[in-house]
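Chemist: based on what follows, work out the 3D shape:
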Amino acid sequence: MRDCRVIGVTGAGRGTGATHLSILCANYLASCMQRKVSVIQWNSHGDFQKVEHMLAGNSRQDSALVKYPLFEADYYKTGDPRLLAQCMEDAYDDIIIDFGEMRDAIRGEWLRCSIQVITASLSEWKLEAFLEFLSGEKKLGKGWIYAAAFGSEDTRKEIEKQFRISLNRIPLSVDAFSVDRGIMDWFKGILN
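Modeler: Numbering: from 1, shown residues only. Predicted structure coming up:
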C-alpha cells in the first residue's frame, strides 16, 4: 500500500465552508502540486451529486457511478470506511474527506485522518457552534488546523487568545475550482 495523506475537513456547524474548502484543496493539490487526488463526500448533503448533475447539463441522467473525475481529481459521492480503504490502496497521493458538520458519527474517522481541519464561521449568527465545539473539547487537538473565512478579525484574535489555538483566515475564494496565488500560498502554509 502506498503512503498517502488523508485530509479530513469538518465544520463546527452547518454552512461553515467545509465542502468549499475540500474542493478548493483538491484543486490546489491536483492543479498546482500535480498530485493525484480523490475527494470523498462523507455526509448526506448530496453536494457532489449536485455538481455531477450540473456537469451533465440537459442529460440529467442519474449516474450509478460512485465517482466522477473533475479538474484532475476524482470525486466520490458517498464515503464510508470501505471506500476510504479502497482509495488508500489506489495510487492517490492525497485523499480529502468532506465530513460536513462535525457529529459523533464521523468523529472517529476524522480523528484518524493524517491532517484534521475544522472550519468555522465567526459571523455572529454562526459563532455559537464554534464556541460550543471549542468549549466541549476536553483537550483541543494538537496539530488540528482551525480555519475561518467569515467574521470579524477582533473575534478571531479573541478566540485565539482564549482557547490558545491558531485560527487561520481562509483567503476569499469565490470559485472553489479556481486557485490563485493567495490560495496557493495559504495552502503551502497549512499543509506542510
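Chemist: hang on, Ile95 packs against Ser38?
Modeler: Yes. Contact criterion Cβ atoms under 8 Å: Ile95 and Ser38 qualify, at 5.1 Å. All C-beta atoms are positioned from the backbone trio N, CA, C, and that covers glycine.
Chemist: now do the shared contacts for these two.
Modeler: Residues touching both Ile95 and Ser38 (Cβ atoms under 8 Å, 6 or more residues apart in numbering): Cys87.
Chemist: mind listing the strands for this protein?
Modeler: 5-11, 37-41, 67-70, 73-76, 94-101, 115-122, 145-151, 167-169 (DSSP state E).
Chemist: ok, now which ones touch Cys87?
Modeler: The contact partners of Cys87, taken as Cβ under 8 Å, 6+ apart, are Cys4, Ser38, Ile40, Tyr76, Ile95.
Chemist: redo that, cut-off 6 Å
Modeler: Cys87 sits next to Ser38, Ile95 when contact means Cβ atoms under 6 Å, 6 or more residues apart in numbering.
Chemist: for my notes, please list the strands of the chain in JSON lines and give mean pLDDT for each entry.
Modeler: Shown next, in JSON lines, are these (pLDDT from 0 to 100):
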{"stretch": "strand 5-11", "mean pLDDT": "97"}
{"stretch": "strand 37-41", "mean pLDDT": "96"}
{"stretch": "strand 67-70", "mean pLDDT": "78"}
{"stretch": "strand 73-76", "mean pLDDT": "93"}
{"stretch": "strand 94-101", "mean pLDDT": "97"}
{"stretch": "strand 115-122", "mean pLDDT": "96"}
{"stretch": "strand 145-151", "mean pLDDT": "93"}
{"stretch": "strand 167-169", "mean pLDDT": "95"}
